[in-house]
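Colleague: Here is the input, now give the coordinates:
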Amino acid sequence: MARAVWLNICNLLDLHGGSAAVFHFMSMSHLMNTYARLPVAFTHGEGAWLWDSNGKRYLDALAGIAVNTLGHAHPRCTAALNAQISKLIHVSNIYQVREQEQLADKLCALSNMQEVFLCNSGCEANEAAIKLARMFGHHKGIEIPSIIVMEKAFHGRTLATLSATGSRKVQAGFEPLVKGFVRVPYDDLAAIRQVAERNHDVVAVLVEPIQGEGGIRTLDVHYLEQLRQICDQQDWLLMLDEVQCGIGRTGKWFAHQHTGILPDVMTLAKGLGSGVPVGACLAAGKAVGTFKPGNHGSTFGGNPLASQAALTTLNILEQDKLLDHAATIGNFLLQGFHARLGQLAGVTSIRGQGLMLGIELSRPCGELVQRALEQGLLINVTADNVIRLLPPLVFTQTEAQQLLDMLCPLVTDFLSQGA
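Modeller: Alright, predicted model coming up:
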């Protein structure tokens, strides 16, 4: 991008005085142009706050898109990672990895699942789930197994996971897509029953309990219970993508635990390692034992550092009762947004659970990300018109009040300007 364009952007964001370093990075970088990056670079953080290279402070209501569960530079997490780095970062999965085994034990204790495959990201966890479902189908004698997936879903950017994703924007340009997916509307059990009647090659259903990229869309309270019944009747795997909504974000360890059902497969990542890349594919019930040695693997998956990061994250969440805290602060924010924005023309929905919240507007609102940045607030807009809020689980009530006081006037002013 030309220097003049970037200087105009920096002026717009009141960053001109310190724009040189930002411009140098953006214009001279050899990184592939895969992200529409904002012209700000952060140097350090503490809790729910980040500081940029000019010393400006920002309230982080995004947490790296649900990644920084414990905020930034959490002292106990930092100490545990430093200690692990001083001993072992990586060996290989051809050996036993003690930290990996401890993490798997902890995840199963929290989830009532039985097996864990560890990897590096959400799309890898979902790839594992897709492969597991296909092998499950082959074991049943189904030659071309199919998986039911949802409209507006997001499962990743590898060829299989973007094929499962319900977004043409993500898929465009990467055809031919991977076959074997049957798409139905989100939160529509009747559509799933229709597929069951017509397609006898289905082996699994893959669904997010809350669609994150799809706009913080939630399911009917009884949907997962009835879907569990359908899967049992059809001998399908119920596979839940909890990459964004898991790890305490909704006030439970995993979002499906608000319903009491148990999936056959569950995928995790994002907040699991508090910023250290780690993902997991968990299995229970009829999914257990599907993979055998040589069927699947990952070079870096579950190495000592990543496993220690995840184990430490889970322990701190438990010790500090941060799940209950997420539920409390989330309710405080929901009530605050309803009180201050709920009656505004142009606000069509305020929804979410715990610290996974969405404010849907009647028109595209991507420019609010830049406006918030100017005010020292980090937010995100997804599905074009949904303000997505994913604060760290250490977010205090004082910080929640600051978020209300910063964001509500921005939304009000934006809507008052019309289309």
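
Colleague: Look at Val182 and give its secondary structure.
Modeller: Here Val182 is recorded as strand under DSSP: H, G, I helix; E, B strand; the rest coil.

Colleague: is it in a bridge, and if so with what?
Modeller: Ile148 (DSSP bridges).

Colleague: now the helices: where do they sit in the chain?
Modeller: Taking DSSP state H, the helices of the chain run over residues 3-12, 19-28, 63-66, 75-85, 98-111, 122-139, 159-164, 168-171, 189-198, 223-234, 304-319, 322-341, 367-374, 397-416.

Colleague: just checking, what packs against the last one?
Modeller: When contacts are defined as 3 or more CB pairs under 8 Å, 6 or more residues apart in numbering; DSSP states H and E, helix 397-416 sits against strand 57-60, helix 322-341, strand 356-361, helix 367-374, strand 377-378, strand 386-389. C-beta coordinates here come from the backbone N, C-alpha and C atoms, glycine included.

Colleague: quick revisit: quick one: which of the helices of the chain is nearest Gly47?
Modeller: Across the helices of the chain, Gly47 has its closest neighbour in helix 397-416 (8.1 Å, CB to CB).

Colleague: Now find how far off-centre the closest one is within its chain.
Modeller: Chain-centre distance of helix 397-416: 23 Å, with CA atoms, centre = their mean, to the nearest Å.

Colleague: And the contacts of that helix?
Modeller: 48, 59, 61, 329, 332-333, 336-337, 340-341, 344-347, 359, 361, 365, 367-368, 371-372, 375-377, 379, 387, 389, 391, 395 (CB atoms under 8 Å, 6 or more residues apart in numbering).

Colleague: ok, and the closest non-adjacent residue to the residue nearest the centre of the chain?
Modeller: Nearest to the mean C-alpha position of the chain, counting by CA atoms, centre = their mean, stands Gln244 at 2.3 Å. Spatial nearest neighbour of Gln244, excluding adjacent residues (CB to CB, 6 or more residues apart in numbering): Gly212 at 3.7 Å.

Colleague: can you tell me which residues contact that neighbour?
Modeller: Per CB under 8 Å, 6+ apart, neighbours of Gly212: 66, 154, 243-245, 356, 382, 388, 390.

Colleague: at 10 Å what do you get?
Modeller: 65-66, 153-154, 241, 243-245, 249, 270, 356, 358, 380, 382-383, 386, 388, 390 (CB atoms under 10 Å, 6 or more residues apart in numbering).

Colleague: re the thing from before, deepest in the core, which of the helices of the chain is it.
Modeller: The highest mean neighbour count among these, using mean count of other CB atoms under 10 Å, belongs to helix 122-139: a mean of 24.

Colleague: Summarise which helices and strands it is packed against.
Modeller: strand 115-119, strand 146-150, helix 159-164, strand 202-207, strand 237-241, strand 265-268, strand 279-283 (3 or more CB pairs under 10 Å, 6 or more residues apart in numbering; DSSP states H and E).

Colleague: mind listing what the fifth one pairs with, with the direction of each?
Modeller: Strand pairing for strand 237-241, using DSSP bridges, gives strand 202-207 (parallel), strand 265-268 (parallel).

Colleague: isn't Gln100 right up against His90?
Modeller: No. In this structure, Gln100 is not within contact of His90 by CB atoms under 10 Å, at 11.3 Å.

Colleague: and Ser307, which of the helices and strands packed on helix 122-139 is closest to it?
Modeller: strand 115-119 (6.9 Å).

Colleague: Run the angle between the closest one and helix 304-319 for me.
Modeller: Orientation note: strand 115-119 sits at an angle of 120 degrees relative to helix 304-319 (axes from the mean of the first three to the mean of the last three CA atoms, to 10 degrees).

Colleague: Show me what strand 115-119 pairs with in its sheet, parallel or antiparallel.
Modeller: Strand pairing for strand 115-119, using DSSP bridges, gives strand 279-283 (antiparallel).

Colleague: Alright, I will stop here.
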